[in-house]
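1. return a 3D structure for these sequence lines:
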Amino acid sequence: MRTVAGRAGGAAALALTIVLSVRFGAADFPLTAAVQALIHRNGAHDAAFVLWELRMPRVLLALMIGAQLAASGLVLQAALRNPLAEPGVIGVSSGATLGVMVLLLIANFAGSIDSSRLDAYDATWMPLAAQLGGIGAALGVYALAWRNGTAPLRLILMGVAVSAALYAVAMTILAGWGSSRIEVLLTWLSGNLYARGWQHVLLLAPWSAATIALLPAILPGVQVLSLGDDAAASVGLDVERWRLAAIAYAGFAAACAVGIAGPVAFVGLIAPHLARLAVGGPLARQAPFALLCGALVTALADLVGRIVVAPAEIPVGAVTALFGAPLFLFLLSRSSR
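-> Residues are numbered from 1 along each chain as shown. As a prediction, the model looks like this:
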């Protein structure tokens with residue numbers, strides 16, 4: 001009963017958020033014009049353009065990005081047996097950010113991009129650059145933490161150190177970029193869906209589908225890992241192989257999202273906690289609700305960022321950080337009680 005109620009409530013909240021995200025924004029239209037634009041894309045021209053070309057792709061991107069970050073956080077928290085684990089802890093976010101920064105730097109010097117118009121850049125290679133950076137950082141953390149095996153605590157400590165180093169390198173590149181171009185890059189670094197369109201949806205969709213498709217395959221081994229290394233080994237699980245697989249999966253899931261939107265804070269941390277509180281049980285039961293929560297949190301944060309200071313915008317990453325920190329503290333206090 002708890003599982004059914006939790007999923008039904010989450011689905012209803014997500015559906016409402018999607019409707020509000022498509023309906024409201026800096027440009028306002030009468031309800032009849034909005035409905036006509038949704039039904040007939042060529043109906044009310046201005047409304048149709050805003051709803052279908054500006055808002056709809058942002059909503060879809062928010063849903064995919066949130067689900068991917070939630071999947072990454074769910075797997076990491078179980079595999080490392082740490083409720084504070086999320087993509088940034090093992091260097092994925094910083095590595096993916098550095099990968100994209102290096103790509104943009106090379107493209108800028110090659111003359112194929114004006115970094116003052118980053119929103120106009122053909123982002124075809126950004127998810128791939130982010131994956132190389134994020135997965136490379138995660139695997140580097142694993143290699144550096146290896147001492148005849150790895151331990152979750154050592155992985156996390158090494159991840160924090162590597163993440164700080166990679167972020168410092170990214171900031172060094174940013175500092176040398178030039179003051180006339182730094183603003184738009186800082187906006188991207190804060191996690192942003194501004195000027196994202198259907199080309200970005202089409203770029204991310206295959207990676208998002210792969211993330212969700214691979215999740216059922218990785219969950220059984222991760223579930224056993226969550227019992228502890230000794231218990232997992234006693235039932236015949238290859239602990240190190242599955243931990244490496246979990247880290248690689250988490251890196252892949254999060255890095256794809258970072259490549260499109262930049263680092264979006266707290267989603268991968270909060271969504272698994274919401275799933276545990278709402279439905280509980282094994283990971284296989286938590287996973288669908290965790291993905292739903294990740295999508296809901298990201299879409300809601302993007303909606304808030306678009307309407308609070310309209311016509312200006314607050315980056316979605318800034319909103320998730322602003323509201324994610326107190327929400328996470330509340331969840332921790334409730335869990336302890």
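
2. so where's the stretch 151-300 of the chain uncertain?
-> 177-184 (pLDDT under 70).

3. what about the helices in it?
-> Taking DSSP state H, counting those that start in this stretch to define them, one finds helices in the stretch 151-300 of the chain at 152-175, 182-189, 198-225, 229-234, 239-261, 267-278, 283-307.

4. quick one, which of these gets closest to A5.
-> helix 267-278 (8.4 Å; Cβ to Cβ). Where you see a C-beta, it was placed from the backbone N, CA and C, and this is true even at glycine.

5. name the residues of that closest one that are buried.
-> V267, G268, L269, I270, A271, P272, H273, L274, A275, R276, A278 (16 or more other Cβ atoms under 10 Å).

6. stretch 234-243 too?
-> For stretch 234-243, by 16+ other Cβ under 10 Å, it's L237, V239, W242, R243.

7. now the residues you listed as TSV including distance to A310?
-> TSV is the format used below for those (distance: Cβ to Cβ, whole Å):
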residue	distance to A310
L237	52
V239	51
W242	47
R243	45
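
8. farthest-separated two in the buried residues of helix 267-278?
-> Farthest pair in these, by Cβ to Cβ: G268 and A278, 16.8 Å.

9. residue ranges with poor pLDDT in the stretch 1-150 of the chain?
-> Where the stretch 1-150 of the chain drops to pLDDT under 70, the residues are 1-2, 31, 41-45, 110-124.

10. hmm, try it at 90
-> 1-12, 15, 18-54, 82-86, 88-90, 92-93, 96-97, 99-131, 135, 146-150 (pLDDT under 90).

11. which one of the buried residues of stretch 234-243 is nearest A213?
-> Nearest to A213 among the buried residues of stretch 234-243: W242, at 18.4 Å, using Cβ to Cβ.

12. for the closest one, which non-adjacent residue is spatially closest?
-> The shortest distance from W242 to any non-neighbouring residue, by Cβ to Cβ, 6 or more residues apart in numbering, is to G221 (4.1 Å).

13. nearest to Q36, out of the helices of the stretch 151-300 of the chain?
-> helix 198-225 (20.9 Å).

14. between the closest one and helix 239-261, how big is the angle?
-> 160 degrees (axes from the mean of the first three to the mean of the last three Cα atoms, to 10 degrees).

15. hey, what's the angle from helix 198-225 to helix 152-175? Just curious.
-> Comparing the axes of helix 198-225 and helix 152-175 via the same axes, to 10 degrees yields an angle of 160 degrees.

16. can you list the buried residues in helix 198-225?
-> 200-201, 203-204, 207-208, 211-212, 214-215, 218-219, 221-225.

17. next, count neighbours for F252.
-> By other Cβ atoms under 10 Å, the residues close to F252 number 21.

18. leaving out chain neighbours, which residue sits closest to it?
-> F252 sits nearest to I135 (Cβ to Cβ, 6+ apart), 5.8 Å away.
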